[in-house]
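Engineer: 3D, please:
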Amino acid sequence: MVPIEIVAIYLLGVYLIVVGGGILVVGLILKVLRTNKKSESVTPTEGIHGAGIIVGILERTIILTLGLLNQYSAISFVLAAKSMARFKQLEKQDFAEYYLIGTLSSFSIAIICAILAQAVYQFYLVPLFP
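Structural biologist: From the prediction side, this is the model:
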């Protein structure tokens, strides 16, 4: 059985990679979209400064947790809640595309990392502690 200290350190590392790496990767993807000549009108909406980053951190944390618990069907509730908050703004095609690319890239990072984290744990950590 893997010692709880090892599991805690492992999970802390996974969460830091997903949250921190997600900020960098999603930020880069959205920056490329904003600098694209064709998409100059695509910018985040006015609101609380930094709210998008906080929402991204929370969504990746929740999705990673659900993925690690094998509750992939519950992830749809995160997308539904996020979409309800932006419902009116999604009528603008430029914003809808920007929002969808950011959301799906964030979801992809969290889901892929959850799958990889489970595989690494199962195939590399568990055998070290028989």
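
Engineer: now the strands for the protein?
Structural biologist: For the chain, no strands are identified by DSSP state E.

Engineer: so where's it shaky on pLDDT?
Structural biologist: 37-47 (pLDDT under 70).

Engineer: now the lengthiest helix in it: buried residues?
Structural biologist: Secondary structure of the chain per DSSP state H: the longest helix is helix 4-35. Within helix 4-35, the residues that count as buried by 16 or more other CB atoms under 10 Å are 10, 14-15, 18-19, 22-23, 26, 30, 33. Using the backbone N, CA and C atoms, a C-beta is placed for each residue, glycine as well.

Engineer: and stretch 98-115, by the same measure?
Structural biologist: For stretch 98-115, burial by neighbour count (16+ other CB under 10 Å) applies to 98-99, 101-103, 105-107, 109-111, 113-114.

Engineer: quick one: Thr103 from Gly52, how far?
Structural biologist: Here the distance between Thr103 and Gly52 works out to 11 Å (CB to CB, to the nearest Å).

Engineer: next one: Val7
Structural biologist: Distance, Val7 to Gly52, using CB to CB: 32 Å.

Engineer: now swap in Arg60 and tell me
Structural biologist: Shown here: Arg60 relative to Gly52, a distance of 12 Å by CB to CB.

Engineer: same thing with Leu58?
Structural biologist: 11 Å.

Engineer: out of those two, which sits in the busier spot?
Structural biologist: Between Leu58 and Gly52, counting by other CB atoms under 10 Å, Gly52 is the more crowded of the two (17 against 13).
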